[in-house]
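# here is a sequence together with a model predicted from it:
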Amino acid sequence: MKLLYTTSKLGIGERIYQTKRTIQEASATCPEKINSVSGANKKRRRLDLELEAEKKSESSDSSDEEEEIKEAIEKIATHSYNFGKVEECIKKPLNSDQAFPNMPAHQKAAHKPSSKPAVFIPVDRSPEIQEARLKLPILAEEQVIMEAINENPVVIICGETGSGKTTQVPQFLYEAGYASSNGIIGITEPRRVAAVSMSHRVAKEMNLSHRTVSYQIRYEGNVTDETKIKFMTDGVLLKEIQKDFLLLKYKVIIIDEAHERSVYTDILIGLLSRIVPLRGKKGQPMKLIIMSATLRVEDFTDNKKLFPTVPPAIQVDARQFPVTVHFNKKTPVDDYSGECFRKVCKIHRMLPAGGILVFLTGQAEVHSLCRRLRKAFPFHKNKTEGGEENEESVEETKKFKKSKQKKTMPLPKIDLNNYSVLPVDEGDEDREAEMDDEEDAVGSDLDLDLGDDGLEEGEKSDSSLPLYVLPLYSLLASEKQAKVFRPPPLGTRLCVVATNVAETSLTIPNIKYVVDCGKVKKRFYDKVTGVSSFRVTWTSQASANQRAGRAGRTEPGHCYRLYSSAVFSDFEKFSPPEITRRPVEDLVLQMKALNIEKVINFPFPTPPPTEALAAAEELLIALGALQKPPKTGRLKELQVAKLSCPISSLGITMASFPVAPRYAKMLALSKQHGCLPYAITIVSAMTVRELFEEFERPAVSEEETEKLKGKKARVIQMQRIWAGQGASQKLGDLMVMLGAVGACEYAGCTPKFCEVNGLRYKAMLEIRRLRGQLTTAVNSICPDAGLFVDPKMKPPSETQVIYLRQIVLAGLGDHIARRIQAEELLDEKWKNAYKTPLLDDPVFIHPNSALFKQFPEFVVYQEIIETTKMYMKGVSAVESEWIPILLPPYCHFEKPLAIPPPFYCPETGRIRCHRPSVFYRVGWQLPAVEVDYPEGIDRYKYFAKFLLEGKIIKQLGFYKRCLLSSPLTMLKTWSK
DNA sequence: GAGCACTGC
């Protein structure tokens, strides 16, 4: 056994070894082996101590400069940093009138005496590119933008999608010499695809090679020494800050899509708000440019804690076509899916050519709507015309005809560009809606009676209009997703039924009509218990406008909102930033690794709830990633200390693994008995979502229903095989994951293998890449591990499975559950249920789990998701005697037992004893286990007794018989 | 005995 991190105080890892010993002793297997292991263990521990000594001497050498930086970082944490002269040169926000029309921005920059670049870097663009560029509104703003950047350390650029800011601003900076000498331009994107595609596009526009305009994302990149413009994902830059806090290689950082408020973007903005003045102070100034959609800049400009001096914001127009927004007069109470169906039918029948994009909330809805639409407007590859209408679509036609008889109304004219968050009033809708009777209301959206010919044509070809219907959601296989980007078959209209992926991540070409149900499915977390659930709620105004904008990418379009304008005006303006809605233990650990101890004082654009910060700190302390706060002192001081614990050496190791802290802990404990390759695989599989294909969805045809049934049966059979035999089964769902990945890699990880065995190919590729990344990370911390990703990895031995189960328990200690005992079963709802420390309600093993119906007494789980019940997923069985040894922070230990009696351990030089314990909050009685004798007078009494008995120094034993009274006297209560 | 949106290191 050896920990990956070096420390003289062996932590829980050592306990794993001891656990193993107690377990093996209990099962009386192979005592010699244990001894040999413990010998190796001691040798390694010595090595650890040496390493630690080396480390210390290294760190004492650190230069003054590093000290200064460290101090600065600490000041960030305490928020006492004095900005000094940097602020004094910040000017008031600029407006376009202040621009100097006849002087190029780079020349103006040259007039400045400060460190601003004085060079103009020529770029050789092709005539076509030059022409296309000139059409972009942002080009007219170059001078204003560059002026603002030259004059201010922080600038905000606002512009909607289509303004060209992502591709053009880096080029402005390059031409103005910001990447000329010793520094580069960095641009962060919230998505990998965006980072890659933007780098390609900018390289092409500038006629430069990928060696100069490059990208870096999690698993790959083409950055070279010559790189001048670097696109990357936000997480990549955050990791770089860990290595070089001041980001000295960058002259400019651009944060793109800041309005999306991804967690990493938020943290980057907080950090950069402090790094920029530090760089100024150091005489190596850096510029920060935040690019955001127009409506959400207040979070950055009105936040004095973030930017004490308001940074200038420059507005850039977008080249977007007008989108006419139509509200429903009445909002369907429940059946928004059906309402979508009716609306698409009408658009398809009545309106001129142009793709339709429908927004729904989830996979199942998407598939069921696809199925209905395909039935209503069948499209067969080889049939040119005709095709019989089924009953459903006849029904729809009737409804449609009925609605047609109503009077026509003029279309509201709304230009999305000038479209405020509040809708233009369409008249007295509510009164009208009330006047409609129920039946009429269904088809009362007269907005569709537009245009003359559109209407006529719709009528004529009513019976046979092929519609090319495609589903789109994130978990869909790539090749199926790719279909939406290709032109639809001749004579058909494209209709994409999508989830929120189509709102930001994927842009579908040639969409003219958007149908927006107004809903989103979101994940909710309970701040205290961490239980998550998925709920469908109304979306935000900003997101509804984003959806509408998807109709105006190539020509003027229409957006049909299936809710009234009154409902819309009740939407929240923006969805709350992600950082306020999810657990933050990973972020807190990252920040602690940057020596930001008082995370609560960090200048977040929007801070997470205090409860979430406290829960994160508590978990990290329990995992041993943070140093324990003192137990004595004044209550108030204790509370403060509890929220500002410094990182531990284990925590530093954990922070270097790019996975959740619970999983990072597992990796840090796995260097024993060849467990690392397995732990890496399990952690990778747990990190990647949805390994298995979902077969429960409604099928498109009868044929498909049969196919799905067959597949499902096959997958269940495979999962049973992957769950392993005998003792391996106790690793539960994690064993299934390990088996699935192992089998898939063994077969070469082909799409075919995945398809046949119900595995998601995309997930398997991601796991493969994550395994590679984690293997590299472990090797770099622990070079003697010599790990590699083995595609022919053998299944773990039964002993290894036991270690893996213990490792998993150590990482998921707060996710433990115990089966309800027969005598506790007071209520029927607790039948087959489990109890957890934080929840009052029963939880259950998910029916898809490998341990369903096995009911181990103690389990750990990956997560609890509440649906009809609270279900534990990713379940693994644990043994009760491991709990006190692996999770002491959660156990209250009782007095040492008299039998078996305490004893002296010559290997550690400590007094050992057996102590029973109870699990915190729930008071589960846990078996007595061997631990160090607790601190106090009794420990010294025992030491004295063993000393006199000659247990500690053998030679003293010789004098035992000469003693006036027995060494046992030392234990008497009256003994002093 | 089920039913999970989206994304980054």
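That came through fine.
# SS state for the nearest residue to A:Ser180 once chain neighbours are set aside?
Distances taken as Cβ to Cβ, 6 or more residues apart in numbering place A:Val119 nearest to A:Ser180, at 5.2 Å, with adjacent residues excluded. C-beta here means a position set from N, CA and C on the backbone, and glycine is covered the same way. Under DSSP: H, G, I helix; E, B strand; the rest coil, A:Val119 falls in the coil class.
# how much space between A:Val119 and A:Ala713?
From A:Val119 across to A:Ala713, the span is 68 Å (Cβ to Cβ, to the nearest Å).
# quick check: bridge partners of A:Val860?
A:Ile816, A:Ser876 (DSSP bridges).
# what's around it, how many residues?
Residues contacting A:Val860 under the criterion other Cβ atoms under 10 Å number 26.
# show me what the helix or strand harbouring A:Val778 is packed against.
Taking DSSP states H and E as the definition, A:Val778 sits inside helix A:761-781. Under the contact definition 3 or more Cβ pairs under 8 Å, 6 or more residues apart in numbering; DSSP states H and E, helix A:761-781 sits against helix A:676-687, helix A:733-746, helix A:751-757.
# and A:Phe574, its phi and psi?
Backbone geometry at A:Phe574, expressed as degrees, to the nearest 10, gives phi -130, psi 150.
# ok, it - contacts?
Residues in contact with A:Phe574, defined by Cβ atoms under 8 Å, 6 or more residues apart in numbering, are A:295-296, A:540-542.
# let me have those in a markdown table, extended by secondary structure, distance to A:Lys945 and pLDDT.
Below are the contacts of A:Phe574 laid out as a markdown table (DSSP: H, G, I helix; E, B strand; the rest coil; distance: Cβ to Cβ, whole Å; pLDDT from 0 to 100):
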| residue | secondary structure | distance to A:Lys945 | pLDDT |
| --- | --- | --- | --- |
| A:Leu295 | helix | 75 | 71 |
| A:Arg296 | helix | 71 | 79 |
| A:Ser540 | coil | 71 | 94 |
| A:Gln541 | helix | 75 | 94 |
| A:Ala542 | helix | 73 | 92 |
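# and A:Pro630, how many neighbours does it have?
Count around A:Pro630 with other Cβ under 10 Å applied: 11.
# what distance separates the start and the end of stretch A:355-373?
The first and final residues of stretch A:355-373 sit 14 Å from each other (Cα to Cα, to the nearest Å).
# buried sites along it?
A:355-363, A:365-373 (16 or more other Cβ atoms under 10 Å).
# show me how chain A divides into domains.
Per the record, chain A has its domains at A:12-61, A:76-315, A:323-518+A:549-575, A:584-597+A:610-655, A:661-878, A:890-971, by automatic domain parsing.
# what's near enough to touch the most centrally placed residue in chain A?
Chain A has A:Val263 as the residue nearest its centroid, 8.3 Å off, counting by Cα atoms, centre = their mean. Contacts of A:Val263 were listed using Cβ under 8 Å, 6+ apart, and they are A:578-579, A:582, A:584, A:587.
# and the residue of the stretch 151-300 of chain A that's closest to DNA strand B?
The stretch 151-300 of chain A approaches DNA strand B most closely through A:Gly235 (2.5 Å), counting by Cβ to the nearest atom of the strand.
# where does that residue fall, secondary structure wise?
helix A:234-243.
# which residues does that helix contact?
Contacts of helix A:234-243 (Cβ under 8 Å, 6+ apart): A:186, A:188-190, A:216-218, A:247, A:253, A:255, A:262, A:264-265, A:267-268, A:271, A:275, A:590, A:593-594, A:655, A:658.
# strand partners of the helix or strand following that helix, parallel vs antiparallel please.
Using DSSP H and E, the helix or strand that follows helix A:234-243 in sequence is strand A:250-255. Using DSSP bridges, strand A:250-255 pairs in its sheet with strand A:184-189 (parallel), strand A:287-292 (parallel).
# cool, thanks, talk later.
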